[in-house]
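Undergrad: just need the structure, nothing else, for what follows:
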Amino acid sequence: MITADYIALAALVVSVLLGVGVGFGRGLKFFTSGIFGVIISIFVCYLIFGFVLDWDVVGNLLGDFNNWLREQGSVGTFFADIYIDRVVLAVVLFIIVQIVRIIVVKIVKGIVEINNVVFKVINRILGAAFFVAVAMAVLLIVFQIVAWIGGDTAANFAANLDGSAFRLDDLFVNNPLNAIFATNG
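TA: Numbering: from 1, shown residues only. Predicted coordinates for the structure are as follows:
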């Protein structure tokens, strides 16, 4: 085992203990409110924007909105030319995602925090799994940032992970976030 393995193992133990101590309901509320919630909503909007844009109903509404803008004169044409319709779609999508996120979190938190022995155990187990998932997400984000930095920094980082018992070297090279943030060209 290399030093990175010991750090990963310590992070795993701390995550499990935090998850058991805090529980799923309070952990979910913490990680989905405030700036974390806004970041999650922006990321979800980023992932689904193209999918929503391809819907015929949305495309027709945006086309009608663009045509209406062009009928308003030169200012409307300017806004139509800079695709203000897509900006409006992104804002509306963000508001919808925010509302859905808040409702879902309140419902899930209310269910897992029922004052019952069975639900208390489920809350603690789910809390441990959730905190491990958050720690894994942070690890993947750190790996992605190091990959974006590139050059000697990424090469040295990869060399330090070489021979990891937990295969952190393979995870660094095959980071799933690479597929999400890949550019076409």
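Undergrad: quick one, phi psi at Asn178?
TA: phi -60, psi -40 (degrees, to the nearest 10).
Undergrad: cool, and Cys45?
TA: Torsion angles, degrees, to the nearest 10, at Cys45: phi -60, psi -40.
Undergrad: residue contacts, it?
TA: Ala90, Leu93, Phe94, Val97 (C-beta atoms under 8 Å, 6 or more residues apart in numbering). C-betas here are computed from N, CA, C, even on glycine.
Undergrad: repeat that with 10 Å
TA: Val52, Leu89, Ala90, Val91, Val92, Leu93, Phe94, Ile95, Ile96, Val97, Gln98 (C-beta atoms under 10 Å, 6 or more residues apart in numbering).
Undergrad: what's the pLDDT at the last one?
TA: If I follow you right, that is Gln98. Looking at Gln98, its pLDDT stands at 94.
Undergrad: ok, now the first one?
TA: Turning to Val52, the model gives it a pLDDT of 88.
Undergrad: pretty sure it sits against Ala90.
TA: Yes. Val52 is within contact range of Ala90, at 9.5 Å (criterion: C-beta atoms under 10 Å).
Undergrad: contacts for the helix or strand of the chain with the lowest mean pLDDT next, please.
TA: The helix or strand of the chain with the lowest confidence, counting by mean pLDDT, DSSP states H and E, is helix 177-180 at a mean of 79. Helix 177-180 is contacted from outside by Phe43, Tyr46, Leu47, Ala137, Leu140, Ile141, Phe143, Gln144, Ile145, Ala147, Trp148, using C-beta under 10 Å, 6+ apart.
Undergrad: ok, the fourth one - contacts?
TA: Each residue near Ala137 by C-beta under 10 Å, 6+ apart is listed here: Phe31, Leu177.
Undergrad: flag every buried residue along the helix or strand encompassing it.
TA: Using DSSP states H and E, Ala137 sits within helix 117-149. Neighbour-count burial for helix 117-149 flags 122-124, 126-128, 130-132, 134-135, 139-140, 143-144, 146-147 (criterion: 16 or more other C-beta atoms under 10 Å).
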